[in-house]
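In: sequence first, predicted model second:
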Amino acid sequence: MESKGKMLNAVKYVGGTILTLGMLIFLAGFFESGYSVLTPVGIGTVFGAIFIFLMGVFFVATEEMHEKTYKGIEVEAPIPTEKGAPL
C-alpha cells in the first residue's frame, strides 16, 4: 500500500502544480496580456494537468485490482473427462 500512496501523492502534487501554472497562464493571457496566444496555452495546460491526474489514479486503481483478482486454485491431477480419459 505504501507504493500506491507514494504514487497517488506524486500524481496529486504534479497535477496540482501544473494545474496552478495553467490557471496562471490562462488568467494572464485572458486579462492582463495583449497576446491572445497565452489563453489557449493555459487551457491546454489545465487539460493536461487533469489528464495526468486521471491517468495516475487509473494506474493506481488498475494495479490494486490486479493484486486483488482471484487467481484460482491449482489442480494437482488431471481432471478426467466423461469417458475417463485425461484431457
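Out: Great, that's in hand.

In: what's the longest helix in the protein?
Out: Of all the segments of type helix in the chain, defined by DSSP state H, the longest one is helix 38-67.

In: what packs against that one?
Out: If you count contacts as 3 or more CB pairs under 8 Å, 6 or more residues apart in numbering; DSSP states H and E, helix 38-67 packs onto helix 2-27. Where C-beta positions appear, they are placed from N, C-alpha and C, glycine not excepted.

In: got the angle between the helix it packs on and helix 38-67?
Out: 170 degrees (axes from the mean of the first three to the mean of the last three CA atoms, to 10 degrees).

In: how much distance is there from the longest helix of the chain to the middle of the chain?
Out: The chain centroid and the centroid of helix 38-67 are separated by 6 Å under CA atoms, centre = their mean, to the nearest Å.

In: pull out the buried positions in it.
Out: Under the neighbour-count criterion of 16 or more other CB atoms under 10 Å, helix 38-67 has Leu38, Thr39, Gly42, Ile43, Thr45, Val46, Ala49, Phe53, Gly56, Val60 buried.

In: and stretch 14-31, by the same measure?
Out: Neighbour-count burial for stretch 14-31 flags Gly15, Ile18, Leu19, Gly22, Ile25, Phe26, Gly29 (criterion: 16+ other CB under 10 Å).

In: cool, stretch 3-17 as well?
Out: Leu8, Val11, Gly15.
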